[in-house]
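[1] Sharing a model that was predicted from the sequence below.
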Amino acid sequence: MYEKRYSNNADSERVKLESDVEDSYDIYPHPTVRVVRPKVISHSSWKEALTQVTHKRTLLGVLAVLMISLLLLILIVFMVQGNPQSEDPDGGKNYGLVAYPSVGQEQVINFKPDEYDSFRTWMDQIEEALYPYTPQRLSSERYINCDLRDRQGEEQCTFHIFDLGLECSHGKDFGFSSGKPCVLLQLNLPFRPGTVDKTSETWKKLYQTVGTRWNPNFVSVTCDGKTATDKDNLRHNLPKPMNETAMTFTPVTGFPLAYFPSDLEDDIYLAPLMMVQFRSLKPFRETTVECIVWAQDKDGNLPEVSQLYRTEFKLQLQ
């Protein structure tokens, strides 16, 4: 008997022929021909394969998002740790020397004197920092004039913003409209700054820089260009004997020691302030300014390397 098994859908190109060995009776003149149906993947198999691929892609997407989030978190932590004003030894407060406008070390306080909108943001930041010092907020009996006597108990020193001078006031646009910008400095410390040893090299630098502005009842502050080029940019068109007029400091003596140690947890505490005005900026030059409080911190670090006593910012007159 001749046997032929085949698939109705098979064509000549998809047929596979297989020969069977003749049986023992040897009565068949021809070998058995069998049509073998090719393997067909069912619809359910395709659906299952696609589902597996989709799951793999979803998993890879989730992993990619997690990796990007981790990298962003590391970047944020690095930026915060790199900012000297972020040092917070006791937690909860912004310690050290702080400058306003507050733009960070990588940004620039740029402005055009004849365009109010170019420096309005900088003015707003200074005014926001000065708001707690307005006369309306100084009505508490706990505020005293520390120039007249030492504070006692929970008393706090009062700081009057008119002590910052007329040139660096709102009425003068904080100097921006005249091309002579003012930067507000604030010193927040939970301890009393240590005085500089008069026999040290630091004292020699202090005296050479501060000169007659030094006062034993104050902490002296200096600001200057970070590099030689920056120093020249701050003294544009000034003869070298007149270098001291490139910047003015108000109050000239610096931060009063009477404010320290301070209770920064007290809501009415006012940290001391001073204004620095840059009067001879070279136009169209990005200039990095470094300000230093000339005192020793509680760890005995020199002011030049202390993160609490240094701050820097960039100026550009356009």
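    The structure has been received and is ready for your questions.
[2] Just the pLDDT for Gly92.
    pLDDT, Gly92: 41.
[3] One more: the one 3 residues further on?
    At Tyr95 the predicted local distance difference test score is 82.
[4] That one and Ala271: what is the separation?
    According to CB to CB, to the nearest Å, Tyr95 and Ala271 sit 10 Å apart. Placement of C-beta: from N, CA and C, glycine included.
[5] try Met67
    From Met67 across to Ala271, the span is 42 Å (CB to CB).
[6] Would you mind telling me which of these two has more residues around it?
    Between Met67 and Ala271, Ala271 has the larger neighbour count (other CB atoms under 10 Å), namely 21 against 10.
[7] ok, which stretches of the stretch 151-300 of the chain are strands?
    Taking DSSP state E, counting those that start in this stretch as the test, the strands found in the stretch 151-300 of the chain are 156-157, 182-188, 218-219, 221-225, 247-250, 255-256, 273-278, 287-293.
[8] hang on, isn't Tyr95 packed against Pro190?
    Yes: with contact defined as CB atoms under 8 Å, Tyr95 counts as touching Pro190 (6.9 Å).
[9] Low-confidence regions, the stretch 101-250 of the chain specifically.
    Flagging of the stretch 101-250 of the chain using pLDDT under 70 yields the residue ranges 105, 239-244.
[10] Now render the strands of the stretch 151-300 of the chain as a markdown table, adding mean neighbour count.
    A markdown table is the format used below for the strands of the stretch 151-300 of the chain (neighbours: other CB atoms under 10 Å):
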| stretch | mean neighbour count |
| --- | --- |
| strand 156-157 | 20 |
| strand 182-188 | 23 |
| strand 218-219 | 23 |
| strand 221-225 | 20 |
| strand 247-250 | 19 |
| strand 255-256 | 22 |
| strand 273-278 | 23 |
| strand 287-293 | 21 |
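[11] For Glu127, find the nearest of the ones you listed.
    For the strands of the stretch 151-300 of the chain, proximity to Glu127 was assessed by CB to CB; strand 182-188 is nearest, at 9.6 Å.
[12] what sits against Lys180?
    Contact analysis of Lys180 by CB atoms under 8 Å, 6 or more residues apart in numbering lists 167, 277-279, 281.
[13] how about a cut-off of 10 Å?
    113, 167-168, 172-174, 247-248, 277-281, 317 (CB atoms under 10 Å, 6 or more residues apart in numbering).
[14] Trp100 touches Leu164, doesn't it?
    Quick fix: residue 100 is Tyr, not Trp. No: taking contacts as CB atoms under 10 Å, Tyr100 lies outside contact range of Leu164: 11.7 Å.
[15] Overlap of the contact sets of these two?
    Taking CB under 10 Å, 6+ apart as the criterion, Tyr100 and Leu164 both touch 126, 130, 174, 182, 184, 273, 275.
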